[in-house]
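S.K.: how would this look folded up:
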Amino acid sequence: MLKSKFSADFANLAPIRAFVGEAAERAGLSGKDVYAVQLAADEACSNVIEHAYEGVPDGEIELVCDAQAGQVTVVIHDHGKIFDITNVRPPNLGRNLGEREIGGLGVFLIRRLMDEVRFESSLESGNTLTMIKRKSGDA
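M.R.: Alright, predicted model coming up:
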């Protein structure tokens, strides 16, 4: 199990991607699956930095990665603003790009990239996003 803490700063997205990528590689995931885990973690942590810690200069993101044979679990925990992922509506991908609002695809993307996504939020313990990616067999 790998654990690390990062300050909630966009400059830390590259080390976060490397951290979760290492765990995904240890789990024996393909290059495509490793990239999917890195992209999902990047998007999730970007949302934490931009929304949960908006205006908070010293926010912290805790990551825990559990690499099992053929599967990696990534847990992202923060103490930023409470956010309920279940209230996020799927984007209307049929709309013309010029008519769509900028953003709003992060949760959709995370759900598409990962095999399981769970979210818990409370005032006491903060926000916890758990994402699981299983080996797909793709090279």
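S.K.: run through the bridge partners of Phe6.
M.R.: Under DSSP bridges, the beta-bridge partners of Phe6 are Ile61.
S.K.: got the contact list for it?
M.R.: Asn12, Pro15, Ile16, Cys45, Glu60, Ile61, Leu63 (Cβ atoms under 8 Å, 6 or more residues apart in numbering). C-beta: built from backbone N, CA, C; applies to glycine.
S.K.: so where's the chain uncertain?
M.R.: For the chain, the stretches flagged by pLDDT under 70 are 84-104, 137-139.
S.K.: so how far is Asp58 from Gln38?
M.R.: For Gln38, the distance to Asp58 equals 25 Å [Cβ to Cβ, to the nearest Å].
S.K.: looking at these two, which is more packed in?
M.R.: Set Gln38 next to Asp58 and count neighbours by other Cβ atoms under 10 Å: Gln38 wins out with 22 against 8.
S.K.: what residues sit buried inside the helix or strand containing that one?
M.R.: Assigned by DSSP states H and E, Gln38 belongs to helix 31-47. The neighbour-count check on helix 31-47 (16 or more other Cβ atoms under 10 Å) flags 33-34, 36-45, 47 as buried.
S.K.: how many neighbouring residues does the nearest residue to Val34 once chain neighbours are set aside have?
M.R.: Excluding its sequence neighbours, the residue lying closest to Val34 (Cβ to Cβ, 6 or more residues apart in numbering) is Ala24, at 4.2 Å. Residues contacting Ala24 under the criterion other Cβ under 10 Å number 25.
S.K.: I'd assumed Lys32 was in contact with Ala24.
M.R.: No - using Cβ atoms under 8 Å, Ala24 is not in contact with Lys32, being 10.5 Å away.
S.K.: tell me where this structure has helices.
M.R.: Under the criterion DSSP state H, the chain contains helices at 13-26, 31-47, 106-113.
S.K.: what comes up buried for the shortest one?
M.R.: Read that as helix 106-113. Result for helix 106-113 [16+ other Cβ under 10 Å]: buried residues Gly106, Val107, Leu109, Ile110, Arg111, Leu113.
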